[in-house]
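A.B. asks: Sharing a model prediction with you, sequence too.
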Amino acid sequence: MDQQVTKLAEETLIRHKALADELSDPNIYSDQRRYAEIAKEHSKMKRGAEWSRELLDSIEEAREARELIPTADSVEEREFYTEEAESAEQKAEELTEKIRTELIDRDPNDDKDVILEIRAGAGGDEAAIFAGELHEMYTRYADRLGYKHRTLSSSPAESGGYKEIVVEVEGDGAYSMFKHEGGTHRVQRVPKTESQGRIHTSTSTVTVMPEAEDVEVEVLQHELEIDVYRSSGPGGQSVNTTDSAVRITHKPTGLVVTCQNEKSQLQNKEQAMRILKSRLLEREMQERQKQEGQMRLAQVGSGDRSAKVRTYNFPQSRITDHRVGVTSHSIEATLGGDLEEFTQALAAKERADRLAAEANGGETS
């Protein structure tokens with residue numbers, strides 16, 4: 001049996017029981033923040049704890065059956081104990097893989113909702129149009145998965161598309177399905193405004209953040225500078241006549257978030273706070289990984305034409321993901337939300353990288 005997983009199963013049961021004991025203490029209700037943290041961790045560990053108990057029981061059953069084989073008085077009895085041992089060992093192997101996936105390989109943020117920030121990069125109008133197409137691709141992908149989505153903030157471009165758009169996607173495992181989309185996406189095609197028929201290269205950048213929960217990120221009121229102003233509109237009746245747009249500056253980090261999509265100042269403030277907390281969580285995750293000695297490439301990088309995670313080549317109807325070498329020749333289907341081929345390949349790469357890191361003592365390349 002895998003000793004690492006067996007040890008983890010034992011530790012998981014100990015931790016799960018400790019959490020249950022703490023939740024049963026009436027004093028915990030006096031600290032709602034602590035109660036929320038413990039309740040959340042206890043709930044997330046439930047499935048892993050159940051499998052851990054089954055694994056340890058199966059290992060014990062196999063051991064006992066193996067010990068009884070030499071004491072058998074007949075061939076039939078020996079075969080019975082052997083079958084029992086092999087059955088228990090088979091179950092233990094299956095549970096070992098489940099536990100490895102659940103407790104070792106799984107990203108702790110995978111179950112969270114996700115916030116996508118899509119920005120036009122190099123390429124002017126064409127980059128903004130492409131940012132709009134990426135937005136459509138992701139919302140259609142969310143629809144295919146049965147997830148809810150809504151726009152938190154947007155800055156439309158005059159030529160079409162967006163200078164920037166921020167979208168929230170809600171659903172079980174949303175972060176796990178979108179987390180590999182972060183980086184610079186490059187498009188190669190002839191823009192509608194190109195009279196000479198020349199192929200141009202433009203980029204848009206995508207940042208993927210797990211949505212922060214209140215128990216994870218604490219923002220103090222005195223750390224915020226909140227400004228309100230009149231929302232900009234396309235003109236006519238759509239122009240907002242009240243100061244409903246909100247700009248929040250987080251003074252300790254200098255992070256700035258603006259929201260003007262909603263009609264009320266309160267709604268825009270709530271949206272801006274959600275984005276800010278997710279950005280702070282992402283910042284904290286990067287700092288934690290840096291302190292642990294893990295090398296992590298920035299998701300977005302410079303956003304120039306040479307940096308890329310995926311290239312969308314329209315003349316050849318080809319999309320290539322440069323991280324895993326996967327190429328699709330159905331560009332319309334992909335932009336229509338068919339991302340499964342890329343998602344599965346990138347998830348497999350993540351798993352392989354994690355296993356390689358374990359073999360190297362926790363170091364990543």
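C.D. replies: Yes, it's here. Numbering: from 1, shown residues only.
A.B. asks: Which strands or helices does the lengthiest helix in the chain pack on?
C.D. replies: Ranked by residue count, the top helix of the chain under DSSP state H comes out as helix 32-68. Using 3 or more Cβ pairs under 8 Å, 6 or more residues apart in numbering; DSSP states H and E as the contact criterion, the neighbours of helix 32-68 among helices and strands are helix 3-23, helix 75-99. Where you see a C-beta, it was placed from the backbone N, CA and C, and this is true even at glycine.
A.B. asks: of those helices, which approaches residue 201 most closely?
C.D. replies: Minimum separation from residue 201 across the helices and strands packed on helix 32-68 (Cβ to Cβ) falls at helix 75-99, 43.4 Å.
A.B. asks: between the closest one and helix 32-68, how many degrees?
C.D. replies: Going by axes from the mean of the first three to the mean of the last three Cα atoms, to 10 degrees, helix 75-99 is angled at 160 degrees with respect to helix 32-68.
A.B. asks: who's in contact with the residue nearest the centre of the chain?
C.D. replies: Most central residue of the chain, judged by C-alpha distance to the mean C-alpha position with Cα atoms, centre = their mean, is residue 175 at 2.7 Å. Applying Cβ atoms under 8 Å, 6 or more residues apart in numbering, we find residue 175 in contact with 107, 109, 110, 111, 112, 113, 114, 208, 210, 211.
A.B. asks: Helix, strand or coil: sort out it for me.
C.D. replies: helix (DSSP: H, G, I helix; E, B strand; the rest coil).
A.B. asks: gap between the two ends of stretch 173-187?
C.D. replies: 28 Å (Cα to Cα, to the nearest Å).
A.B. asks: Name the residues of that stretch that are buried.
C.D. replies: Within stretch 173-187, the residues scored as buried using 16 or more other Cβ atoms under 10 Å are 174-187.
A.B. asks: and the least confident of these?
C.D. replies: Across the buried residues of stretch 173-187, the smallest pLDDT goes to residue 176, namely 88.
A.B. asks: Next one: that residue from residue 278, what distance?
C.D. replies: To residue 278, residue 176 is 16 Å away according to Cβ to Cβ, to the nearest Å.
A.B. asks: for the chain, what are the low-confidence residue spans?
C.D. replies: For the chain, residues meeting the criterion pLDDT under 70 lie at 1, 103-106, 193, 213-216, 232-242, 288-307, 355, 357-365.
A.B. asks: got a list of what the nearest residue to residue 331 once chain neighbours are set aside touches?
C.D. replies: If the residues on either side of it in the chain are set aside, residue 331 comes closest to residue 317, at 4.7 Å by Cβ to Cβ, 6 or more residues apart in numbering. For residue 317, the set of contacting residues under the criterion of Cβ under 8 Å, 6+ apart consists of 329, 330, 331, 332.
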